[in-house]
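Engineer: Here is my input; please provide its structure:
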Amino acid sequence: MTAHTPVDPPRSWWRRVGFALINVWLVLHIAAIIIAPASVSPSSPLIRTGWDWVHPYLQTLYLNHGYNFFAPQPGESTLVGWEVTRDDGSTEKGRFPDRSTFPRLLYHRHFMLTESLSFVPDPLRLRWHESYGQHLCHEHDGRRVRLERITHLLPSMQMVRAGVSLDAADSYVIEPMGTYQCRD
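Structural biologist: Predicted structure coming up:
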């Protein structure tokens, strides 16, 4: 008597198509994940065209991370300096984000608030600044608050090679944001 080896039934047509579709999606998904950081300037026209194709997909799945912030050439950062004056004439000064802020997610929230200042539409800009001022007045029991936008510029490669400190005083640009009376 001979041993009978069982034969696997052939895959159905639908299973083969499903398997092929999943593999195609997986290849395209991985390509989209690779194209996203590669498309940050400076990049080739081919990569930028690829970005045009994959951007809607990545945005829908919330996979469009802020690669511009980290590399290859991050931009300057923004801080907000403030000075609160109280009824008795005393003042308190500070900046946010402040590295000593804990928990770290709160620091990150403050950081994102200051970075968003560049994107506030002009008609809302003064109201946006005043909202920062009113919050600081409330937090520090103030009568008046003065705000300034502090832009920290990145040093050039030549400055770094020359030994210029990353926090050199001339790497900061200060612009007034206004003085606001505190409301009760």
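Engineer: average pLDDT for stretch 56-66?
Structural biologist: Stretch 56-66 carries an average pLDDT of 81.
Engineer: Would you mark the buried spots in that stretch?
Structural biologist: The neighbour-count check on stretch 56-66 (16 or more other C-beta atoms under 10 Å) flags 58, 64 as buried. From N, CA and C alone the C-beta is placed, and that goes for glycine too.
Engineer: Against Trp51, how distant is Ala32?
Structural biologist: Distance from Ala32 to Trp51, counting by C-beta to C-beta, to the nearest Å: 9 Å.
Engineer: Apologies, that question was intended for His29.
Structural biologist: 15 Å.
Engineer: And these two? Which one has more around it.
Structural biologist: Taking neighbours as other C-beta atoms under 10 Å, His29 and Trp51 compare with Trp51 leading, 18 against 15.
Engineer: Can you classify Ser165 as helix, strand or coil?
Structural biologist: What DSSP: H, G, I helix; E, B strand; the rest coil gives for Ser165 is coil.
Engineer: neighbours around Glu130, how many?
Structural biologist: Using other C-beta under 10 Å, Glu130 is surrounded by 18 other residues.
Engineer: do the same with Leu79
Structural biologist: 20.
Engineer: measure it to Asn23 for me?
Structural biologist: Distance of Leu79 to Asn23, computed by C-beta to C-beta: 48 Å.
Engineer: Same check on Gly133?
Structural biologist: 56 Å.
Engineer: Just want to know which of these two has more residues nearby.
Structural biologist: Between Gly133 and Asn23, counting by other C-beta under 10 Å, Gly133 is the more crowded of the two (25 against 10).
Engineer: Which positions in the helix or strand where the more buried one lies come out as buried?
Structural biologist: Using DSSP states H and E, Gly133 sits in helix 122-140. For helix 122-140, burial by neighbour count (16+ other C-beta under 10 Å) applies to 129-130, 132-134, 136-137, 140.
Engineer: and which of those is nearest to Leu58?
Structural biologist: Comparing those against Leu58 with C-beta to C-beta places Tyr132 closest, at 32.0 Å.
Engineer: hang on, that closest one packs against Arg146?
Structural biologist: No. Using C-beta atoms under 8 Å, Tyr132 is not in contact with Arg146; the gap is 11.3 Å.
Engineer: Scan the chain for its longest helix.
Structural biologist: Identified as the longest helix of the chain according to DSSP state H is helix 13-38.
Engineer: Do a quick rundown of the helices in this protein.
Structural biologist: Taking DSSP H as the criterion, the chain contains helices spanning 13-38, 45-60, 67-70, 104-115, 122-140, 157-161.
Engineer: how far does the last one sit from the chain's center?
Structural biologist: It refers to helix 157-161. How far helix 157-161 lies from its chain's middle: 26 Å, per C-alpha atoms, centre = their mean, to the nearest Å.
Engineer: The first one too?
Structural biologist: For helix 13-38, the distance from its own C-alpha centre to the chain's C-alpha centre is 28 Å (C-alpha atoms, centre = their mean).
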